[in-house]
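In: Dropping the sequence and predicted coords here.
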Amino acid sequence: FHEPGSAQQLIAALMRLDYPVDRLDIKLVLEADDAETLIAIQKLNPPAHFQILRVPPLAPRTKPKACNYALALARGAHVVIYDAEDIPDTDQLRKAAAAFHAHGPRLACLQARLNYYNPRENWLTRQFTLEYSMWFDWLLPGLQALGLPIPLGGTSNHFRAFDLRSIGGWDPYNVTEDADLGMRLARFGYRSGMIDSTTYEEAPAQFGPWLRQRTRWFKGWIQTWLVHMRQPRRLLRDLGLPGFLSFQLIV
């Protein structure tokens, strides 16, 4: 949303993906009133397997609402979300497809690692990089190894489209829709896992953007905890005692 400067880098990164073009259905999801980003993308004239989707400007104006709108029009058996500034490893789609094929139908989601391509810009970006390295290289793989629910990151989540639709997609009102969705998948009996692939993003380099981002994350995690704890006994039954305790500790 209002990110025309990201258009060229994003389209270039998606065109570098090592996957048969005739098997790709790429949706560039914009708000309908975001004219500046639309113009920037149109000037780049992306190939035929790219489609621009303009989300009606109706409440809630959130990323998960836009994702649900796009999910209804997605044609693939698998779906992955990338943010505007993302640069995924070129073989990420192949690794995800191979992992889904190898691990059976209860594996509904694969989370790629996230990290930053500007770690040395200043002190703040170095701290962000340390945090993401701990979270995606150690904590989430540890949860997977223990068979515990994984709170997903906001990008590079690979889903079986049928399973994602069967649980209702994303919560359009949750500003950390990823963490909520990871818990919901576990409650429906699905598994989430990690794949050995990294997507690089841009870390906030100034205090103001960092504070707004972190405030939104905390708000969303509190919201996720409150929603799932409406019926604690049911949550305990759905996740089992280890999953329930992990949810309390991490979320």
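Out: Arrived safely. Numbering: from 1, shown residues only.
In: Thr125: what's it in contact with?
Out: Counting by Cβ atoms under 8 Å, 6 or more residues apart in numbering, Thr125 touches Tyr116, Asn118, Pro119, Ala203, Pro204, Ala205. To be clear about C-beta, it is placed using only N, CA and C from the backbone, and glycine gets the same treatment.
In: How confident is the prediction for the last one, by pLDDT?
Out: Here the pLDDT value assigned to Ala205 is 94.
In: ok so, going back, of the contacts of Thr125, which pair is most distant in space?
Out: Largest separation among those by Cβ to Cβ: Pro119 and Pro204, giving 12.3 Å.
In: how many neighbours does Phe188 have?
Out: 13 (other Cβ atoms under 10 Å).
In: Check the one 10 residues further on too.
Out: For Thr198, the number of neighbouring residues by other Cβ under 10 Å comes to 17.
In: And the next helix or strand past the host helix or strand of it?
Out: Using DSSP states H and E, Thr198 sits in strand 191-201. Counting by DSSP H and E, the next helix or strand C-terminal to strand 191-201 is helix 207-228.
In: Please name every helix or strand in contact with that following helix.
Out: helix 123-134, helix 177-187, helix 232-250 (3 or more Cβ pairs under 8 Å, 6 or more residues apart in numbering; DSSP states H and E).
In: if we go to 7 Å?
Out: If contacts are counted by 3 or more Cβ pairs under 7 Å, 6 or more residues apart in numbering; DSSP states H and E, helix 207-228 sits against helix 177-187.
In: Distance from the helix it packs on to the middle of the chain?
Out: Distance of helix 177-187 from the chain centroid (Cα atoms, centre = their mean, to the nearest Å) equals 11 Å.
In: Residues contacting it, please?
Out: 63-64, 108-109, 149-154, 157, 167, 170-171, 174, 192, 220-221, 224, 227-228, 238-239, 243, 247, 251 (Cβ atoms under 7 Å, 6 or more residues apart in numbering).
In: Mind checking which of these are buried?
Out: 63-64, 108-109, 149-154, 157, 170-171, 174, 192, 220-221, 224, 228, 238-239, 243, 247, 251 (16 or more other Cβ atoms under 10 Å).
In: average model confidence for the strand holding Thr198?
Out: Computed over strand 191-201, the mean pLDDT rounds to 97.
In: try stretch 75-87
Out: Stretch 75-87 comes out at a mean pLDDT of 96.
In: ok, now stretch 117-133?
Out: On average, stretch 117-133 scores 95.
In: same check, this time on stretch 154-167
Out: Across stretch 154-167, pLDDT averages out at 96.
In: buried residues in it?
Out: Gly154, Thr155, Ser156, Asn157, His158, Phe159, Arg160, Asp163, Leu164.
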